[in-house]
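1. Give me the fold of what follows.
(one chain, ligands or ions: 3)
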Amino acid sequence: MDYTLLNGINSPADLRRLPRTELKKLADEVRAYVLESVSKTGGHLGSNLGTVELTVALHYVFNTPDDRLVWDVGHQTYPHKVLTGRRDRMGSLRQLGGISGFPRRDESEYDTFGTGHSSTSISAAHGMAMAFKLKGEDRKAVAIIGDGSMTAGMAFEALNNAGVAHGGLMGDLLVILNDNDMSISPPVGALNKYLARLMSGSVYAAAREGAKSVLKNTPLYEFARKFEEHTKGMVVPGTIFEEFGFNYVGPIDGHDLDSLIPTLENLRGKKGPQFLHIVTKKGAGYKLAEADPVKYHAASGKFDPAVGFVKPATPPKTTFTQVFGDWLCDMAEADSRLVGITPAMREGSGMVEFHKRFPQRYHDVGIAEQHSVTFAAGLACEGVKPVVAIYSTFLQRAYDQMVHDVAIQNLPVLFALDRAGLVGADGATHAGNYDIAYTRCIPNMAVLTPADEDECRQALYTGFMHNGPVTVRYPRGAGAGVVPVKAMTAQPWGKGEVRRKGQRIAVLAFGTLLYPALEAAERLDATVANMRFVKPLDAELVAELARTHDALVTVEDGCLMGGAGSAVTEALNAAGISVPVLQLGLPDEFVEHGDPAKLMSLCGLDAAGIEASIVKRFGAKPTVVRAATR
Ligand SMILES: Cc1ncc(C[n+]2csc(CCOP(=O)(O)OP(=O)(O)O)c2C)c(N)n1
Ligand SMILES: CC(=O)[C@@H](O)[C@H](O)COP(=O)(O)O
Ligand SMILES: [Mg+2]
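-> Ligands and ions are numbered 1, 2, ... in the order given. Model prediction:
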């Protein structure tokens, strides 16, 4: 496809200079460009193809960037990036030094709010709208939120707040619900059914909108509008959004510029909270993605658009996610008390097979991490053994529930934390860097850090059999390739093991960094311990290693602040042992998106980095003076 129009668009101002009649062709070019670009870089696909017309219409009608667009999750903003001066940078998408896969304030003035975690857009846009009101500025704030993201409580907290005046002031906020009847998995919950009912009432909306766009700019238009206002409450029951104080319009076709543009122009002129419900198709315009929106949610790498996603010639290595999914099914088979819970990440957490085999013990609660944890607590109160499968980064949203509802009551909930540590392409918003620090400080909580696939399976079993809250964390992708042993055996609780005997230096490895640590130790002739548990920590092993070595080194793929290394120094202090300790982990900064191996190397957590840090601190032949007290 030629990009005749698109090549001339370097900002929305260029777009707004186009004749209205050219916008459809521009949208076609944007869609083709996004598909071609993602086929070369990988990244999110279905949601981006679904927002092409909406994005064109928004930048055409609203005076961006002065009018603010806040994209919920932000995984659907590639058309937005293409139209706001980043067309030629799409080739660097999600790569080190390249543009982010999500909106970033430091990337563009058109990225008005950083997103990545869902359901924040209404709150942020409401804040902006109220700021404009307080400053007396006639600017609009628009939140674009998907039907999946609407299932999070935070979205309703925002609606509840934004729909009423504050000190007599009402923000000029427009919320656009982009309803494609899809989350990543098929949508769940009562809200989805409610939206379907609204869509089924679309005859009313289509007639209403059709009439208004025909009457626009005629004397009859005002009459029709007043008539509609007067009759709306009588013709259809008020929607839940109107009950929150919003003027609800829709559902309208989110791919039809002739519906979108007049409706947005109409809504832009209105004061107070407005709510536009649009209906789109995830993957729109690309048949393969339209047919399978779950599969085409994101591309893990390059693909040929003509063929679609194909299985790689060489079977990929087993991932930790698959190890979890297999264990979950085996454990469910062995123990009828097990219930598996996911907050809207069935595929990502490896629970498709479990869902098929144990439908009554499978719960996708929607994007509702807080609810998923307290729901698990309720189950646990009644003798059920819940497993909450959740990305490390998304569990951050349910911290109080973990403390208040699970740990204080010492309930047996197993948190299977996938995507622990750096995740790579999704960058800082999705990094699972903090879970060791934020879980180990909670009383009653146990924290397990398996080193490989077999350890992961055994750690999950060990955690499941424990009668209290347990976190088992494992990274995105594949491990060292240690095939899991089918038999599930409980690991000695709170015990680590020495994997290599060396001298002078002892490296205490937590999680998958055991393997780069072993590689570094070969060259340094250092001892290596596989610690397995951050909590309870094997304090005896720590003391023994301190007594028999000149220095200790801790390595973890988690934040240094308050992480496993801190646990080791705390244990040494408690035992009155003084020995030099070098703590290696993720730095006190947000690590950008990029190739995971490159990022780990940049953080000094590959074998070469670990070796270099040890040599730098203790010299190749450490000449550490042994402290007087041991
Ligand atoms: C707090 C949080 N939980 C989970 C996710 C993972 N996630 C990313 S997109 C998505 C589905 C969003 O569905 P929807 O809002 O309908 O957008 P669509 O993909 O349909 O365009 C989920 C669950 C997230 N980004 N944030
Ligand atoms: C946008 C979003 O939050 C999810 O799509 C996330 O990107 C999935 O991450 P994984 O690719 O690690 O499953
Ligand atoms: Mg959706």
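
2. can you pull the pLDDT of residue 223?
-> Residue 223 carries a pLDDT score of 61 in this model.

3. Please apply the same query to the one 5 residues further on.
-> Predicted confidence (pLDDT) at residue 228: the value is 58.

4. Equivalent analysis for residue 467, please.
-> Predicted confidence (pLDDT) for residue 467: 98.

5. can you check residue 200 too?
-> If you check residue 200, the pLDDT there is 79.

6. ok, it to residue 259 distance?
-> Distance of residue 200 to residue 259, computed by Cβ to Cβ, to the nearest Å: 18 Å. Just so you know, the C-beta spots here come from the backbone N, C-alpha and C atoms, and that holds for glycine as well.

7. is it true that residue 455 touches residue 482?
-> Yes. Residue 455 is in contact with residue 482 according to Cβ atoms under 8 Å; the separation is 7.4 Å.

8. circling back to that earlier point, of residue 200 and residue 259, which one has the most company?
-> Ranked by neighbour count (other Cβ atoms under 10 Å), residue 200 and residue 259 place residue 259 first, with 21 against 10.

9. Tell me where the stretch 201-350 of the chain has strands.
-> Using DSSP state E, counting those that start in this stretch, the strands of the stretch 201-350 of the chain run over residues 247-253, 274-279, 298-299, 338-342.

10. Those strands into CSV, with extra columns for mean pLDDT?
-> Shown next, in CSV, are those (pLDDT from 0 to 100):
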stretch, mean pLDDT
strand 247-253, 95
strand 274-279, 97
strand 298-299, 98
strand 338-342, 99
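
11. Tell me where this protein is predicted with low confidence.
-> In the predicted model of the chain, residues 201-237, 621-630 satisfy pLDDT under 70.

12. residues in this structure within reach of ligand 1, list them.
-> Residues of the chain that fall close to ligand 1, judged by Cβ under 6 Å from any ligand atom: 47, 50, 73, 75-76, 117-118, 146-149, 180, 182-184, 282, 344-345, 367, 369, 394, 397.

13. Narrow the residues you listed to just the buried residues.
-> Among the residues of the chain next to ligand 1, those scoring as buried are 47, 50, 73, 75-76, 117-118, 146-149, 180, 182-184, 282, 344-345, 367, 369, 394, 397 (criterion: 16 or more other Cβ atoms under 10 Å).

14. Now, these that are in helices?
-> 47, 369, 394 (DSSP state H).

15. list the contacts for the first one?
-> I take that to be residue 47. When contacts are counted by Cβ atoms under 8 Å, 6 or more residues apart in numbering, residue 47 touches 73, 75, 76, 146, 180, 282, 297.

16. so the second one makes contact with residue 102?
-> In this case it means residue 75. Yes. Counting by Cβ under 8 Å, a contact exists between residue 75 and residue 102, whose distance comes to 6.6 Å.

17. Residues that sit against both of these two, list them.
-> Residues touching both residue 75 and residue 102 (Cβ under 8 Å, 6+ apart): residue 116.

18. picking that back up, kindly reformat the contacts of residue 47 as CSV and extend each row with distance to residue 15.
-> Below are those laid out as CSV (distance: Cβ to Cβ, whole Å):
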residue, distance to residue 15
73, 23
75, 22
76, 18
146, 23
180, 23
282, 24
297, 27
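
19. The lengthiest strand in the chain pairs with which strands, and in what direction?
-> For the chain, the strand that runs over the most residues, judged by DSSP state E, is strand 551-559. Using DSSP bridges, the strands paired with strand 551-559 are strand 505-509 (parallel), strand 581-586 (parallel).

20. what about these, which gets the closest to residue 168?
-> Closest approach to residue 168 among the strands paired with strand 551-559 (Cβ to Cβ): strand 581-586, 47.5 Å.

21. Alpha carbons of the closest one, as PDB, please.
-> This file holds the C-alpha atoms of strand 581-586, laid out as PDB (Å, rounded to 0.1, in the frame of the first residue of the first chain):
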ATOM      1  CA  VAL A 581      28.400  -8.600  51.800                       C
ATOM      2  CA  LEU A 582      28.100  -7.500  48.200                       C
ATOM      3  CA  GLN A 583      24.400  -7.300  47.200                       C
ATOM      4  CA  LEU A 584      23.600  -7.600  43.400                       C
ATOM      5  CA  GLY A 585      20.200  -6.900  42.100                       C
ATOM      6  CA  LEU A 586      18.000  -4.500  40.100                       C
END
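
22. This completes my enquiry, with thanks.
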